[in-house]
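In: Here you go, sequence then predicted model.
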Amino acid sequence: MKTNTFKIGAALLAVAISVCCTRARAQTATTVTTTRGAFTEFVPRSETLVVRTDANPTPVRYVVTKQTTFVDETGTPVLVNQIAPGSPLSVQYTTTGDRLVASRIVVQHAPVVERSTTTTTTTRPLTHDEKEQAKEQIEKRKDALDKAKDKLDDDDDD
């Protein structure tokens, strides 16, 4: 009789332990959330990434850890100092207490905006002195070219 009671007690203890372990596992499960927004700034000393979203008027601050990865849409690693303010990105994060801890940040390429520049140059007629200076410069260049040509001809004759 004592043996049966001992076996039943051990079985009940095993069931109780397995139920407690199941509850403990359920409590440690984490939920990863993704938010899209625009990069505002990175504060290195506090390891904080600041993102502005359409849904929230105040910027959202995410904690960045050594495990946080920064990549572009193709999965290529990106350095945080290469992200331009206003760049669209998505942040995958978990909530730990009141902190939002970023695990992965994907930087989307912003559409390229073509900009055209028009330069207008106005000209005026040269003065007499400017014409004379230009003629002198042209003559000096001609003389230099003639000297170089003569030197090449002399080198070829040798």
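Out: Nice, I can see it. Given the structure is predicted, the values throughout are model-derived calculations rather than measurements.

In: Might you quantify the distance of stretch 85-101 from its chain's geometric centre?
Out: The chain centroid and the centroid of stretch 85-101 are separated by 15 Å under Cα atoms, centre = their mean, to the nearest Å.

In: Now do the buried residues in that stretch.
Out: Residues of stretch 85-101 classed as buried by neighbour count (16 or more other Cβ atoms under 10 Å): Ser87, Leu89, Val91, Gln92, Tyr93, Leu100, Val101. For glycine as for every other residue, the C-beta is placed from the backbone atoms N, C-alpha and C.

In: element containing the fourth one, please.
Out: For Gln92, the enclosing helix or strand under DSSP states H and E is strand 88-96.

In: which residues touch that strand?
Out: 30-39, 49, 51, 62, 83, 100-108, 110 (Cβ atoms under 8 Å, 6 or more residues apart in numbering).

In: What subset of those residues is buried?
Out: Buried among the contacts of strand 88-96 by 16+ other Cβ under 10 Å: 35, 37-39, 49, 51, 62, 83, 100-103, 105-107.

In: Please name the strands paired to the strand holding Gln92 in the sheet, noting orientation.
Out: Strand pairing for strand 88-96, using DSSP bridges, gives strand 33-43 (antiparallel), strand 99-107 (antiparallel).

In: Tell me how confident the model is about the longest one, as a mean pLDDT.
Out: Mean pLDDT, strand 33-43: 89.

In: That one: how far from the chain's middle?
Out: 11 Å.

In: which stretches of the chain have low pLDDT?
Out: For the chain, the stretches with pLDDT under 70 are 1-29, 110-122, 158.

In: Scan it for its longest helix.
Out: In the chain, assigned by DSSP state H, the helix with the most residues is helix 128-157.

In: Quick one: distance of it to the chain centre.
Out: For helix 128-157, the distance to the chain centre is 55 Å (Cα atoms, centre = their mean).
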